[in-house]
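coordinates for the following, if possible.
(chains A and B)
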Number of protein chains: 2
Amino acid sequence: MEIITDNYVGFSTSAKGSSTFQAFAPATNQHIPGNFTRATKEEFDEALALAQKAFPVYSELPVENRAKFLDAIADEIMNLGDTLLERCSLESGLPLGRVTGERGRTCGQLKLFAQLLREGSWVDARIDTAQPDRQPLPKSDIRRMLVPIGPVAVYGASNFPLAFSTAGGDTASALAAGCPVVVKSHSSHPGTNALVTSAIVKAAKATGMPEGVFSSLYLDHEHSVKLVEHPVIKAVGFTGSQAIGMTLFNAAVSRPDPIPVYAEMSSINPVVMMENALKTKKDKIAAGLAGSVNLGVGQFCTNPGLILLEDNATSKAFLEAFAAEFKKSIPATMLNKGIHKACISGVKELYDNNNISLVATADQSADNEKNEAQPVAFSIDAKSFMADKALHEEVFGPVTLFVLCKDNAQIVEVLDSLEGQLTATIHADDSDQGQLGGIVKSISQRAGRLIYGGFPTGVEVCHSMVHGGPFPATSNANSTSVGTGAILRFVRPLAYQDFPEAFLPEALKNGNPLNLMRLVDGVYTRDKI
Amino acid sequence: MEIITDNYVGFSTSAKGSSTFQAFAPATNQHIPGNFTRATKEEFDEALALAQKAFPVYSELPVENRAKFLDAIADEIMNLGDTLLERCSLESGLPLGRVTGERGRTCGQLKLFAQLLREGSWVDARIDTAQPDRQPLPKSDIRRMLVPIGPVAVYGASNFPLAFSTAGGDTASALAAGCPVVVKSHSSHPGTNALVTSAIVKAAKATGMPEGVFSSLYLDHEHSVKLVEHPVIKAVGFTGSQAIGMTLFNAAVSRPDPIPVYAEMSSINPVVMMENALKTKKDKIAAGLAGSVNLGVGQFCTNPGLILLEDNATSKAFLEAFAAEFKKSIPATMLNKGIHKACISGVKELYDNNNISLVATADQSADNEKNEAQPVAFSIDAKSFMADKALHEEVFGPVTLFVLCKDNAQIVEVLDSLEGQLTATIHADDSDQGQLGGIVKSISQRAGRLIYGGFPTGVEVCHSMVHGGPFPATSNANSTSVGTGAILRFVRPLAYQDFPEAFLPEALKNGNPLNLMRLVDGVYTRDKI
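The predicted model follows:
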């Protein structure tokens, strides 16, 4: 299958520009043949004009049509077969097995949103019926539901070239909400983007979607920011570094009409290990933690980067077991040269820090020529950790830091010193539970997801998932970027007062033709009015 | 009843500062005896420290305790009796009848949030049960709900000294959510604030709330901004001018950790009058419109400031009927000198605009010494209106502008030229409905509430109300500041993965002890797990 190296401006491929770049294979440290063309100002404007034009059409389609579109995208992605898997693996350095799993997740996510649309109650329909005889004033009939906010800009993430990229969670949830999407393709996997975009465009055509419902552009830095600033764009989805996330955030809030940016940025995902858990499940926890730190070469947003435990004989024994396990880690290729370089530099700073000791590193040495990361675990005492804010920042890669605390109170103190997190995890035995009160209270206030007895990597796509958290984990704590709740980022409530039935959306009609769960005069019901 | 002129720092009155100010009675144009003391830096910091300390305690109280607190606030406000009504009327220039109605609304709002808490399902509990045998990976048990975001800063509004101020919708919804509140009292009604604050503090003590759950401060401009910047504050509620709203917004997004600002700012609330409606209901619409423009001396956020209609014989007859009605308007005292001055200056600009004609003004002349506003209605042609962006801005007061359009298409064109609005209204006869498609589509995209056959003033407090809208109506289109949906501004989702029952919040426990409607494995149910 040929890889299209053009932008997709609506349904058309377009390459009017002269600025090009090549994809890169991190595992072989070589460019991949084929020149991708960055969008010109004209193509950029055209994609946005098409999105604007598509919005009123797309947003008012019957939900079943939108559901079919999402299903069709998933099917067309599967139809790309090994071509997609191989290209994605080549561009990301991720093994085929992982890429295959991620494809499943991506398609499952699209189909879950299609299901959500078919069930339909996510629109939070609320109806308060009229009371014409109420004193002193009659009460109007008021009905409200969630409606799409407008065209959304989605920035592909490097670390999930399928699940958080061109047809990833941001795109799936925005399209499900009824918002056209303009993707800024990630420069690390343009060929993957091209294939996935071709699938989306094929699906859009097959299911009768308006042109402009989706565009995918290769953009330079200037236009990446201009995308947020463009008046047509009404919200932004982003997963990546805090630096770029905040650049987009600042551009969005400086517009004449500020728009929301849902940026998922940075998290060190503290894990608390309680003494009795380490006593009773030492080897299991050691193996689980080593696996979690190494998962995806440590390039998960939820990578456990900070392990808190009391400094005592039990934790010493645990660290030995962990070290023995962690030494078996296999260095692997990172997503791109920039990430690899940043990881090496972040690890060097840890080695250079006099308060930090090495716990373990992989016996096998990383091959720099393959952009491999060297798995490594360090330790530090709690006081030194709290005093050094640089250590509270994420080192992206298979790296973790044990913080040795003198007691439970100091564990809570360290947790209280942390910024917002995507996740926080506790390993405890039943006999530890009496000690958990302060810990649970602290993590409840600063993380989006609390895990008990597991590991933060692995983010289930479901109704109850929260992949979010207070700043800097995200730029908007009142949101999740994974799970069906992600759709709530791209909507706003709209009320209709005394509207004739003919002009009400299906979701709010008396007969409840979509059979939604609605809040009618304060009562949850699927009944007709 | 004595009016306390101190700040309330938690439960204590405090007046350590030397900067004082007096309340002002706009109707008599005189200061009211009594010096209110602005908070010092020390008092400001103390109030915020108390809020921080109160948060983990208050947020984890059983919801019934929070509900009792809200009910008690309403009861204590009623207990203030005529003292409150008279003081509020004196400080706001609003007649006693209006203030009495607003008190009812304020107390009703508090009690509605108490009901919402008792029913409880607003927390959007979602549970996805475990599937330990799932292939290729087991599925964890994941549960999520909405939890309070942290202490909230509330800025009292001038135009609703009870319903949008110290114990108004922002405070009620934040307290309901589980967030302590620090109020920046509005300088136009400090005595009203003092009385209401005393009621809140009395209620807090009587229901066993932690000190710091509520503070009320008189702040200079510098500290008004510093309140948004303070690290303890996690969200902001504001109703007022776009200039001040955006000052707070910009302060919030410039923090090291940006926080959301829910600012309800500016709206001209377009009203479309269709020809057949004007034919069949000329006098009723004329009287209704005149009343709506004058309601609260035109100082409603939802005041109908822009009336769109076709320029033809029917609309001419309507304008005559409207003029006859509008001339009977009685000039009345505005909220304060600043608002009165701004209204006079805004109206002068309309008189000075060569494209604008006078439709009608009240026969009775406003008394400037009583800070009265002169009700006035103007007209302009659609093209001139669209060309002059200054006319798209709100003139706060009993002022409206008719825009005469050459046809239905031009009405849509004018609507499409407008910024975001709180409301948009249509008056139509059944026989007009064929003409409404483009109009409904346009207003759906730029307003928070669409009204058919009524007037935008009068915002029902209920589950389905949306008092919000795209910028500049608000700084956050995905929100409402009125109705039970307002609580969703002050929360964030939090997920628990594989958590022991003992550490789960009541809302997520297997037995569903709060009897909530929950989404369990994708099914809405009140059943136990």
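
export the helix or strand where A:Phe238 lies to CSV, keeping only CA atoms.
For A:Phe238, the element it lies in under DSSP states H and E is strand A:235-239. Coordinates of each C-alpha in strand A:235-239 appear next as CSV, following Å, rounded to 0.1, in the frame of the first residue of the first chain:
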residue,chain,number,x,y,z
ALA,A,235,-11.4,23.4,21.7
VAL,A,236,-8.1,21.6,21.7
GLY,A,237,-7.0,18.1,22.6
PHE,A,238,-3.4,17.4,23.2
THR,A,239,-1.2,14.8,24.8
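
the closest residue to A:Trp122 other than its chain neighbours: which element?
Of all residues not flanking A:Trp122 in the chain, A:Leu116 sits nearest, at 5.5 Å (Cβ to Cβ, 6 or more residues apart in numbering or on different chains). Placement of C-beta: from N, CA and C, glycine included. Per DSSP H and E: A:Leu116 is located in helix A:96-119.

quick check: mean pLDDT of that helix?
Averaged across helix A:96-119, pLDDT comes to 97.

cool, stretch A:224-233 as well?
98.

can you pull the buried residues of that stretch?
For stretch A:224-233, burial by neighbour count (16 or more other Cβ atoms under 10 Å in any protein chain shown) applies to A:Ser224, A:Val225, A:Lys226, A:Leu227, A:Val228, A:Glu229, A:His230, A:Val232, A:Ile233.

quick one: which of those is nearest to B:Thr314?
A:Val232 (37.1 Å; Cβ to Cβ).

can you list the domains in chain A?
The record's domain parsing of chain A by automatic domain parsing lists A:8-265+A:479-489, A:270-452.

any idea of the mean pLDDT in the shortest one?
Summarised as a single mean, pLDDT over domain A:270-452 is 97.

so how far does that domain reach from one end to the other?
With Cα to Cα, to the nearest Å as the measure, domain A:270-452 spans 12 Å from end to end.

still on that earlier bit, so what does the helix holding A:Leu116 touch, helix or strand wise?
helix A:63-79, helix A:81-92, helix A:169-177 (3 or more Cβ pairs under 8 Å, 6 or more residues apart in numbering or on different chains; DSSP states H and E).

okay, buried residues for the first one please.
By neighbour count on 16+ other Cβ under 10 Å, the buried set for helix A:63-79 is A:63, A:66-77.

return the distance of the strand or helix carrying A:Gly338 from the chain's centre.
Assigned by DSSP H and E, A:Gly338 belongs to helix A:337-352. The chain centre lies 23 Å from the centre of helix A:337-352; the measure is Cα atoms, centre = their mean, to the nearest Å.

ok, now stretch A:478-497?
16 Å.

please apply the same query to stretch A:358-370.
That offset, for stretch A:358-370, works out to 28 Å (Cα atoms, centre = their mean).

contact partners of it?
A:26-29, A:319, A:322-324, A:326-331, A:333, A:340, A:351, A:372-379, A:402 (Cβ atoms under 8 Å, 6 or more residues apart in numbering or on different chains).

please list the residues of the stretch 151-300 of chain A that sit near chain B.
A:Phe249, A:Asn250, A:Val253, A:Asp257, A:Pro258, A:Pro260 (Cβ under 8 Å from any Cβ of the partner chain).

neighbour-wise, which of those leads?
A:Pro260 (26 neighbours; other Cβ atoms under 10 Å in any protein chain shown).

what's the closest non-adjacent residue to that one?
Per Cβ to Cβ, 6+ apart, closest to A:Pro260 is A:Ala235, 5.1 Å.

and that neighbour, what is it in contact with?
A:Ala235 touches A:Ile149, A:Gly150, A:Val152, A:Ala153, A:Ala174, A:Cys179, A:Ile259, A:Pro260, A:Val261, A:Tyr262, A:Arg489, A:Phe490, counting by Cβ under 8 Å, 6+ apart.

just the ones in strands from the residues you listed, please.
Among the contacts of A:Ala235, the members found in strands (DSSP state E) are A:Val152, A:Ala153, A:Val261, A:Tyr262.

for the stretch 301-450 of chain A, which residues are neighbours of chain B?
In this structure, the stretch 301-450 of chain A approaches chain B at residues A:Glu419, A:Gly420, A:Gln433, A:Leu436, A:Val440, A:Lys441, A:Ser444, A:Gln445, A:Ala447, A:Gly448, A:Arg449, A:Leu450, judged by Cβ under 8 Å from any Cβ.

can I get those in a markdown table with secondary structure?
Shown next, in a markdown table, are those (DSSP: H, G, I helix; E, B strand; the rest coil):
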| residue | secondary structure |
| --- | --- |
| A:Glu419 | coil |
| A:Gly420 | coil |
| A:Gln433 | helix |
| A:Leu436 | coil |
| A:Val440 | helix |
| A:Lys441 | helix |
| A:Ser444 | helix |
| A:Gln445 | helix |
| A:Ala447 | strand |
| A:Gly448 | strand |
| A:Arg449 | strand |
| A:Leu450 | strand |
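
can you select the buried ones among the contacts of stretch A:358-370 for me in ChimeraX?
The ChimeraX selection below is limited to those of the contacts of stretch A:358-370 classed as buried (16+ other Cβ under 10 Å):
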select /A:26,27,319,322,323,326,329,331,333,340,372,373,374,375,376,377,378,379,402
